[in-house]
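A.B. asks: Return a 3D structure for these sequence lines:
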Amino acid sequence: MKVEKTLLKDLLIISPKVFVDERGYFMESFNRKTLGNHIGDYQFIQDNQSLSVKGVLRGLHFQNPPFHQGKLVRVIKGAVNDVAVDIRKNSPTYGKHFKIRLSESNFKMLWIPPGFAHGFETLEDDTIFAYKVTNDYDKESEGSILWNDPTLNIEWETKNPTISDKDDKSELFENFKSLF
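C.D. replies: Next up is the predicted model:
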């Protein structure tokens, strides 16, 4: 497993070793000991999965303390542009974002620690997105920042994405008060 740092502290790109032959492939998508050496002693308590058609945008979501979540995200089928925004107010990269293409063909994963907002746009039909989380979901602790916030200036590939009503009414970053 190869682990790469990004320009945003604690946000990591994980590239598993993939063994390919005429039968297909094999890879270890998670190993607590190996990953723990890089992210610390987080315990994943739930796996989530979504299926989306091309052009769906989900995010930018987070859970406030004490239900803050770390996420290990990956694509099982299809492709996404995955985005993480640092919302840790004492971080030198507060308000900065990182974007990466995750796909079934590149096998890359992203470790998103607590204190980041997260979102993704699907680039192919029938994209299956999967992620592990480190804490329970709590409706009262959920938050979101507007996906097309002008301050964040995220360049999404999809010009008119399909989004939920909830995501369309998310908070502007300039009005956001971080609890991290």
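
A.B. asks: Verify the stated contact: Pro92 with Lys9.
C.D. replies: Yes: if you go by C-beta atoms under 8 Å, Pro92 and Lys9 touch, sitting 7.4 Å apart. For every residue, glycine as well, the C-beta is placed using N, CA and C.

A.B. asks: Ignoring the adjacent residues along the chain, who's closest to Phe176?
C.D. replies: Distances taken as C-beta to C-beta, 6 or more residues apart in numbering place Ile145 nearest to Phe176, at 5.9 Å, with adjacent residues excluded.

A.B. asks: what about the longest helix in this protein?
C.D. replies: Scanning the chain for the helix with the most residues, using DSSP state H, yields helix 32-39.

A.B. asks: What is that one packed up against?
C.D. replies: Applying 3 or more C-beta pairs under 8 Å, 6 or more residues apart in numbering; DSSP states H and E, one finds that helix 32-39 makes contact with strand 12-15, strand 109-112.

A.B. asks: now the lowest-mean-pLDDT helix or strand in the chain: how far from the chain's centre is it?
C.D. replies: Least confident helix or strand, the chain: helix 32-39 with a mean of 84, by mean pLDDT, DSSP states H and E. Centre-to-centre, helix 32-39 and its host chain are 18 Å apart (C-alpha atoms, centre = their mean, to the nearest Å).

A.B. asks: and what of stretch 39-48?
C.D. replies: With C-alpha atoms, centre = their mean, you get 14 Å for stretch 39-48.
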